[in-house]
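>>> Give the three-dimensional model of this entry:
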Amino acid sequence: MPSRRPRLTPPIADLRRAVRSSLAGLPADSLVLLGLSGGPDSLALAAALAFEAPRAGVRAGAVVVDHGLQPGSADVAARAAAQASALGLAPVSVATVSVGGDGGPEAAARAARYAAFADALKRTDAVAIVLGHTLDDQAETVLLGLARGSGAASLRGMAPESPFPVAGVEASVLRPLLGVRREATVQACVDAGLEPWFDPHNGDPSFTRVRVRQEVLPVLERELGPGVAEALARTAEQLAEDSEALDRFVQETIEDLVEPAEAGIALSVRGLEANPAALRQRIIRYVVESEFGVSLSRAHTLGVAALVTGWTGQGPLHLPGIRVERTGSLIVFTAVS
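Numbering: from 1, shown residues only. Okay, here's the model as predicted:
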């Protein structure tokens, strides 16, 4: 069993400092739950959370999700739960989920995991789920977004704090370790006498993210010099700031552009045309997502924008879940079944 008072080393201090900052401002005596896999990132975070939560006046528990994707996964989950309890986290629960096939294995596992998190948050009235994503995870996310030609919304990566992404759950997602390297979490476990589980999937090159981690980033570091991961993480931080400012401007502008429409919503052609392309397209995406719950691709967004800037009398666009057409001075969005 790990010592309750490990020697304070730089990695342990870095993690505690990151957690302390993340917990600041939470309501007194509120409960947060750690999403614990038993790997070095989440286990090191568990130790830091167990130390800092009482000092911040909050309670900390954990939920371990058994995806059932590997032999012995139930034993791995049980061991992680026991480690969390030994560190002093409470309540600690294990959720066994069934992973579907929609969207590929990674997306399906994430959907199942977040459904389990949602259930745990509602059951315990916790105010946040705490996740162990590191600076390396952030760098990989940005690099994958660049490779896929994603926009700023994707390249800004993961936020240190964001709303929980499942409808009906009033909670936050906290990611304290986005400024901490993965090697620091591994060393923190060593320093604290913790024995993490190393997921074989994290070394499986059939996963794109693993290839980025094991092949692409090391090549960039070798050819461009050290600090690539930190530079990618800084890029995400800067784009997050820009995106937040643009989102705020959209929300301030949108009331002047929106018109009521039967079974939908409409935007003023003149108002859209008066805005720069980046803002115009963000307004279109924002309206469609907030009104219909549909996330438009760039191609779909440009198709709608063409009804404003490239109008030649073309007919309506049939996009996923919505119909879009230009009617006089309005772009009209209508839900379709």
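
>>> would Glu325 count as being in a strand?
Yes. When DSSP: H, G, I helix; E, B strand; the rest coil is applied, Glu325 is found to be in a strand.

>>> Run the chain-centre distance for stretch 198-211.
19 Å (Cα atoms, centre = their mean, to the nearest Å).

>>> Pull the number of nearby residues for Ser295.
Residues lying near Ser295 (other Cβ atoms under 10 Å) number 12. Every residue, glycine included, has its C-beta placed from N, CA and C.

>>> ok, and the closest non-adjacent residue to it?
Glu289 (5.7 Å; Cβ to Cβ, 6 or more residues apart in numbering).

>>> and what of Glu52?
Leaving aside its sequence neighbours, Glu52 sits nearest to Val19 (Cβ to Cβ, 6+ apart; 4.5 Å).

>>> what domains does the record give for this protein?
For the chain, automatic domain parsing gives the domain ranges 10-224, 257-335.

>>> Pick the most buried one from those.
Greatest average neighbour count among the domains of the chain goes to domain 10-224 (a mean of 18), per mean count of other Cβ atoms under 10 Å.

>>> Centre of the chain to that domain, how far?
10 Å.

>>> Same question for stretch 282-301.
On the basis of Cα atoms, centre = their mean, stretch 282-301 sits 19 Å off its chain's mean C-alpha point.

>>> Likewise for stretch 306-322?
On Cα atoms, centre = their mean, the centre of stretch 306-322 falls 32 Å from the chain's centre.

>>> For that stretch, which outside residues touch it?
264, 269, 272-273, 277, 280, 288, 292-294, 296, 300, 303-304, 323-326, 331, 333-336 (Cβ atoms under 8 Å, 6 or more residues apart in numbering).

>>> Among these, which are located in helices?
269, 272-273, 277, 280, 288, 292, 300, 303-304 (DSSP state H).

>>> TSV for those, including pLDDT?
What follows is these, written out as TSV (pLDDT from 0 to 100):
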residue	pLDDT
Val269	94
Leu272	94
Glu273	94
Ala277	92
Arg280	93
Val288	90
Phe292	88
His300	92
Gly303	94
Val304	95
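
>>> Mind putting these into a markdown table with distance to Ser98?
As requested, those are exported to a markdown table (distance: Cβ to Cβ, whole Å):
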| residue | distance to Ser98 |
| --- | --- |
| Val269 | 48 |
| Leu272 | 44 |
| Glu273 | 49 |
| Ala277 | 44 |
| Arg280 | 43 |
| Val288 | 32 |
| Phe292 | 29 |
| His300 | 32 |
| Gly303 | 37 |
| Val304 | 38 |
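
>>> then stretch 55-70 to PDB, C-alphas only?
The C-alpha coordinates for stretch 55-70 follow below in PDB (Å, rounded to 0.1, in the frame of the first residue of the first chain):
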ATOM      1  CA  ARG A  55      -7.500  21.900   1.900                       C
ATOM      2  CA  ALA A  56      -9.800  23.500  -0.700                       C
ATOM      3  CA  GLY A  57     -12.900  22.600   1.400                       C
ATOM      4  CA  VAL A  58     -14.300  20.200  -1.100                       C
ATOM      5  CA  ARG A  59     -14.900  16.400  -1.100                       C
ATOM      6  CA  ALA A  60     -13.300  14.100  -3.800                       C
ATOM      7  CA  GLY A  61     -14.500  10.700  -4.900                       C
ATOM      8  CA  ALA A  62     -13.800   8.600  -8.000                       C
ATOM      9  CA  VAL A  63     -15.600   6.600 -10.700                       C
ATOM     10  CA  VAL A  64     -13.800   3.800 -12.500                       C
ATOM     11  CA  VAL A  65     -15.300   2.800 -15.800                       C
ATOM     12  CA  ASP A  66     -14.800  -0.800 -16.900                       C
ATOM     13  CA  HIS A  67     -15.300  -0.800 -20.700                       C
ATOM     14  CA  GLY A  68     -15.000  -4.600 -20.900                       C
ATOM     15  CA  LEU A  69     -12.800  -4.300 -24.000                       C
ATOM     16  CA  GLN A  70      -9.800  -6.300 -22.700                       C
END
